[in-house]
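Enquirer: heads up, no residue letters with this:
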């Protein structure tokens, strides 16, 4: 027979698992944006760390300075990904009460 404390713990784990599955779906809908070059390049990333859009202002489309545009894209995407990861960690902390669980997100 399973002790009552263990049954209660198992129920709590199931609640957390259910809420985490819901959170994963919610995070796919939430987006974070970041810009580089004074707003010349803007990247939008969702909570699953997927790039959903990239906006490039026409002023930076210079075939003679392709490297600068590439650097701006990398900077904007990396910053958006970093912010998205922070958002995920904040949302996870709400579910786990700040408890760090290895392998989650």
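Expert: Good, I have the coordinates. For clarity, every value in this text was computed on a predicted model and none was experimentally measured.
Enquirer: so, low pLDDT: which residues of the chain?
Expert: By pLDDT under 70, the low-scoring segments of the chain are 98-105.
Enquirer: in the longest helix along the chain, what's buried?
Expert: As assigned by DSSP state H, the longest helix anywhere in the chain is helix 66-96. If you call a residue buried by 16 or more other C-beta atoms under 10 Å, then helix 66-96 has these buried ones: 69, 72-73, 75-77, 79-81, 83-84, 87-88, 91-92, 95. C-beta coordinates here come from the backbone N, C-alpha and C atoms, glycine included.
Enquirer: now for it, which elements pack on it?
Expert: In terms of contacts (3 or more C-beta pairs under 8 Å, 6 or more residues apart in numbering; DSSP states H and E), helix 66-96 is packed against helix 4-29, strand 31-36, strand 41-46, strand 51-56.
Enquirer: closest one to residue 64 among the ones you listed?
Expert: strand 51-56 (15.9 Å; C-beta to C-beta).
Enquirer: tilt between the closest one and helix 66-96?
Expert: For strand 51-56 against helix 66-96, the angle by axes from the mean of the first three to the mean of the last three C-alpha atoms, to 10 degrees is 150 degrees.
Enquirer: rewinding a little: can you name the two of the buried residues of helix 66-96 that sit furthest apart?
Expert: So, those by C-beta to C-beta: farthest apart are 69 and 95, at 39.5 Å.
Enquirer: please render the helices and strands packed on helix 66-96 as a markdown table that adds distance to residue 64 and mean neighbour count to the earlier fields.
Expert: Listed next are the helices and strands packed on helix 66-96 as a markdown table, based on distance: least, C-beta to C-beta, whole Å; neighbours: other C-beta atoms under 10 Å:
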| stretch | distance to residue 64 | mean neighbour count |
| --- | --- | --- |
| helix 4-29 | 39 | 12 |
| strand 31-36 | 19 | 18 |
| strand 41-46 | 17 | 22 |
| strand 51-56 | 16 | 14 |
